[in-house]
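> Output the structure for:
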Amino acid sequence: MRAASLILAAAASVIGLVFPFLLARQPTGLNQSILLVMMAAIAGCFIHGTGFRPAPASLRMVTAPWLTWPTLLGCFAILVLMR
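Numbers count the residues shown, from 1 in each chain. From the prediction side, this is the model:
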């Protein structure tokens, strides 16, 4: 599961950095809000993928793959459907 989180986060980061025009053609407030949530999900995937385990239970819950994977994939879906 950790490898999948790391691969998903790396792929999302590469797409966001190398091909930003694929994610948001028109710079609108909605696109920027979705990109903000997507970057938080990418950070959570990186945290889980590297094996870091935060001490507070709230941070462990936020970086869990059952929350970050659907959030990241949902953001991609929304950005693709908004085109």
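> going forward, measure contacts between C-alpha atoms and count neighbours the same way
OK.
> what's the helix or strand for Ser58?
Secondary structure assignment for Ser58, by DSSP states H and E: helix 57-62.
> what's the average pLDDT for that helix?
Helix 57-62 shows a mean pLDDT of 93.
> counting contacts, what elements does that helix pack onto?
Helix 57-62 is packed against no helix or strand, with contacts defined by 3 or more CA pairs under 8 Å, 6 or more residues apart in numbering; DSSP states H and E.
> what about the top helix by length along the chain, average pLDDT?
The longest helix of the chain (DSSP state H) is helix 29-50. Averaging pLDDT along helix 29-50 yields 90.
> Would you mind listing the buried residues in it?
31, 34-35, 38-49 (16 or more other CA atoms under 10 Å).
> Need the three-state assignment for the residue of the chain positioned farthest from its centre.
Within the chain, the residue lying farthest from the chain centre (CA atoms, centre = their mean) is Ala55, at 21.6 Å. Following DSSP: H, G, I helix; E, B strand; the rest coil, we place Ala55 in the coil state.
> please renumber so the chain begins at 5
Sure thing, new numbering starts at 5, so read that last one as Ala59.
> Now it: phi and psi?
phi -70, psi -50 (degrees, to the nearest 10).
> Could you look up the SS state of Ile19?
Going by three-state DSSP: Ile19 is helix.
> Neighbours of it, how many?
Per other CA atoms under 10 Å, the neighbour tally for Ile19 reads 14.
> Could you check how far it is from Leu34?
Taking CA to CA, to the nearest Å as the measure, Ile19 falls 19 Å from Leu34.
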